[in-house]
Each structure stands twice: as structure tokens, then as C-alpha cells.
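> Predicted model follows, preceded by the sequence.
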Amino acid sequence: MARHIVIDGYNLAYALRDTKSLMRADRAAARNRLLDLLRRYKRAAPAQITVVFDGSGAGPDRRQRVAGIDVRFSRPPQSADDEIRSMLGSSRDPGRLLVISSDNQVRHAARRRGAGMLGSDEFGDRLFAALQRDDPGSEKPAGGDTEHWLELFTKTPGGREQG
């Protein structure tokens with residue numbers, strides 16, 4: 001059975017270079033960007049994904065499905081951390097869960113219940129590595145190609161090396 005990844009949404013958004021600055025300017029845009037990254041990640045590394053955001057300012061629809069990703073907003077005064085700890089506590093198979101958060105209390109709860117866990121920075125590295133592998137436009141040059149291009153761009157038109 002595939003792993004169920006449970007993500008502390010804003011915690012991850014603050015950890016990613018693609019969403020960190022957006023978090024300061026426009027949280028809704030940061031959420032949308034994060035969900036787009038996760039949608040692409042899900043295509044590259046299929047898994048069940050639930051993202052939990054703090055619910056202040058969330059509107060009436062606290063649970064949504066966006067591009068195959070379960071999106072939840074906590075109900076204030078509950079935080080996303082509280083919601084994730086509740087999910088851990090009520091899970092029938094916590095060993096199937098992989099919790100993504102850098103919050104110490106969430107990490108402790110995951111460890112106590114036997115769930116897997118990754119810090120947001122570490123998951124961010126894995127996310128971008130998976131996206132790069134999945135993106136055919138991110139092809140890397142072969143070993144000989146690099147030397148060929150360096151040779152072309154470091155020589156003057158007369159064939160002498162630039163200095």
C-alpha cells in the first residue's frame with residue numbers, strides 16, 4: 001500500500017525557495033504555488049497527499065480536493081499542527097503515514113505513533129529532485145558535451161584560449 005504523506009502546509013511553504021517570499025506577500029498565492037508543486041510531485045512520485053493549513057481566513061470550505069490532493073484547513077483555535085496530531089492519533093495504520101513538518105511537537109507525535117517523518121527542508125530537497133527527474137526539459141549535458149561547449153566558449157575566433 002502506498003504511503004500517505006501528511007504535510008504541514010505553511011511550514012513547508014516557508015521552507016521552499018519557490019514559496020517563501022510569497023508567504024510574506026500573498027498567502028493565497030503561496031498556497032496555490034505549493035499545491036501546484038505538490039501536484040507535479042504527485043505525478044513524479046505517486047502517493048496519497050494531504051496538506052493541512054492553519055484555518056484562519058480559510059472560508060467555509062475547510063476540506064477540498066485539488067488536483068488529487070486532499071487539502072484541509074484547521075478550525076480555529078485549532079492549528080494545522082493540532083489537526084496533524086489528531087490525524088496521527090486517529091490513524092489505524094500510522095506506520096503508513098509520512099509526516100512533513102519541522103515543528104518539534106508534530107515530529108514528536110509522529111515518532112510516538114510510529115509514523116515516518118521528514119523535516120520540511122529535507123522534503124523540499126526530495127520534492128525538487130523528483131520534479132527535476134520528471135521534467136524532460138531539465139536534461140543535463142552528457143560528460144563529453146560539457147567539455148565540448150567549454151572548449152567552444154573559451155576560445156577566441158582565431159582558436160586561441162581567452163584569458
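Yep, it's here. Everything numeric here is computed off the predicted structure, so don't read it as measured data.

> just checking, what packs against the lengthiest helix in the chain?
What stands out as the longest helix in the chain, according to DSSP state H, is helix 27-44. For helix 27-44, the packing partners by 3 or more Cβ pairs under 8 Å, 6 or more residues apart in numbering; DSSP states H and E come out as helix 9-15, helix 20-25, strand 48-53, strand 69-73, helix 120-134. All C-beta spots, glycine's among them, are computed from the backbone N, C-alpha and C.

> Low-confidence ranges, this protein, go.
Within the chain, the stretches falling below the threshold (pLDDT under 70) are 1, 56-60, 135-163.

> Now the longest helix of the chain: buried residues?
Of the residues in helix 27-44, those buried under the neighbour-count criterion (16 or more other Cβ atoms under 10 Å) are 27, 30-31, 33-35, 37-38, 40-42.

> Among these, which one lies nearest to L118?
When the buried residues of helix 27-44 are ranked by distance to L118 (Cβ to Cβ), Y41 comes first, at 13.0 Å.

> give me every residue that touches the closest one.
Residues touching Y41, when contacts are defined by Cβ atoms under 8 Å, 6 or more residues apart in numbering, comprise 49, 127, 130-131.

> if we go to 7 Å?
127, 130-131 (Cβ atoms under 7 Å, 6 or more residues apart in numbering).

> Just want the angle from the longest helix of the chain to strand 48-53.
With axes from the mean of the first three to the mean of the last three Cα atoms, to 10 degrees as the basis, helix 27-44 and strand 48-53 are set at 170 degrees to each other.

> so I5 bridges to which residues?
Each beta-bridge partner of I5 is listed here: I49, L98, as defined by DSSP bridges.

> how near is it to P76?
Using Cβ to Cβ, to the nearest Å, one obtains 25 Å as the distance from I5 to P76.

> Look at the two and report which has more neighbours.
Under the neighbour definition other Cβ atoms under 10 Å, I5 and P76 were set side by side, and I5 has more, 22 against 11.

> Of the helices and strands packed on helix 27-44, which is nearest R96?
Distances from R96 to each of the helices and strands packed on helix 27-44 were compared using Cβ to Cβ; the minimum, 8.9 Å, belongs to strand 48-53.
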